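> Only the shape, not the letters, is given here:
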């Protein structure tokens with residue numbers, strides 16, 4: 001990856017190797033899939049007004065720990081108020097998160113990412129982002145990193161150090177992806193200054 005840089009003519013750009021772009025698209029796609037699964041069937045009785053306004057959603061927190069992190073309770077000490085808040089806000093939050101992840105994937109595709117037979121991918125993926133796309137990337141990268149952190153059991157810097165020193169190669173490889181995503185995010189933030 002060549003880090004994000006501000007262009008003179010406007011926008012912020014970066015270059016990714018095909019494998020990096022596929023990884024970003026795949027991880028973002030997994031977040032989309034997870035959120036869409038949650039945004040499906042109603043888990044509570046529909047409020048007619050809320051349904052007309054497109055606000056009816058589940059009032060019960062998700063069982064999946066990743067979804068619980070992406071869609072946290074508004075009131076930790078009040079289950080009833082938290083459920084009501086969730087019922088009226090979760091669908092719009094989920095929709096926004098899906099939009100940001102799809103915007104990230106879309107900009108990779110616009111930059112030359114192709115799906116299918118990738119054995120001959122030799123070209124780099126050049127991504128150029130406008131202000132709205134930058135915000136989508138920042139939010140989507142945060143969601144992907146939060147998802148990986150939950151799966152890895154990372155809640156603080158000490159946890160991250162322990163995971164990085166694990167004897168399990170798969171865990172260490174996943175940690176390196178988590179860490180690399182942080183680098184991508186840092187270069188994007190630095191390009192905004």
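Now that the structure is in, tell me what you want to look at. Keep in mind the model is a prediction, meaning the values are calculated, not measured.

> okay, CA-based contacts and neighbour counts for the rest of this
OK.

> mind showing which ranges of the protein have poor pLDDT?
40-56, 117-121 (pLDDT under 70).

> Quick check: longest helix in it by residues?
In the chain, assigned by DSSP state H, the helix with the most residues is helix 79-110.

> how much space between residue 149 and residue 143?
As for residue 149, its distance to residue 143 is 10 Å (criterion: CA to CA, to the nearest Å).

> Which secondary structure elements does the longest helix of the chain sit against?
On a contact count with 3 or more CA pairs under 8 Å, 6 or more residues apart in numbering; DSSP states H and E, helix 79-110 meets helix 18-38, strand 125-129, helix 131-152.

> Could you look over these and pick the most buried one?
Highest mean neighbour count among the helices and strands packed on helix 79-110 (mean count of other CA atoms under 10 Å): strand 125-129, with a mean of 22.

> Which strands border that strand, and is each parallel or antiparallel?
Using DSSP bridges, the strands paired with strand 125-129 are strand 12-16 (antiparallel).

> what separates the strand it pairs with from the chain centre, distance-wise?
18 Å (CA atoms, centre = their mean, to the nearest Å).

> what's the answer for stretch 145-159, then?
That offset, for stretch 145-159, works out to 14 Å (CA atoms, centre = their mean).

> just to revisit the earlier point, just the angle for the longest helix of the chain relative to strand 125-129, thanks.
If you take axes from the mean of the first three to the mean of the last three CA atoms, to 10 degrees, helix 79-110 sits at 120 degrees to strand 125-129.

> Of all the residues in helix 79-110, which ones are buried?
82-91, 93-94, 97-109 (16 or more other CA atoms under 10 Å).

> Is residue 154 in a helix, a strand, or coil?
Classification of residue 154 using DSSP: H, G, I helix; E, B strand; the rest coil returns coil.

> got the contact list for it?
For residue 154, the contacting residues are 160, 163, by CA atoms under 8 Å, 6 or more residues apart in numbering.

> Determine the number of other residues adjacent to residue 168.
10 (other CA atoms under 10 Å).

> For burial, what's the neighbour tally of residue 190?
Neighbour tally, residue 190, other CA under 10 Å: 12.

> Compute the distance from the centre of the longest helix of the chain to the centre of its chain.
Its chain's average C-alpha position is 10 Å from that of helix 79-110, according to CA atoms, centre = their mean.

> what's the angle from that helix to helix 18-38?
150 degrees.

> Just to check, residue 74 is in contact with residue 86?
Yes - in terms of CA atoms under 8 Å, residue 74 counts as a neighbour of residue 86; the distance is 7.4 Å.
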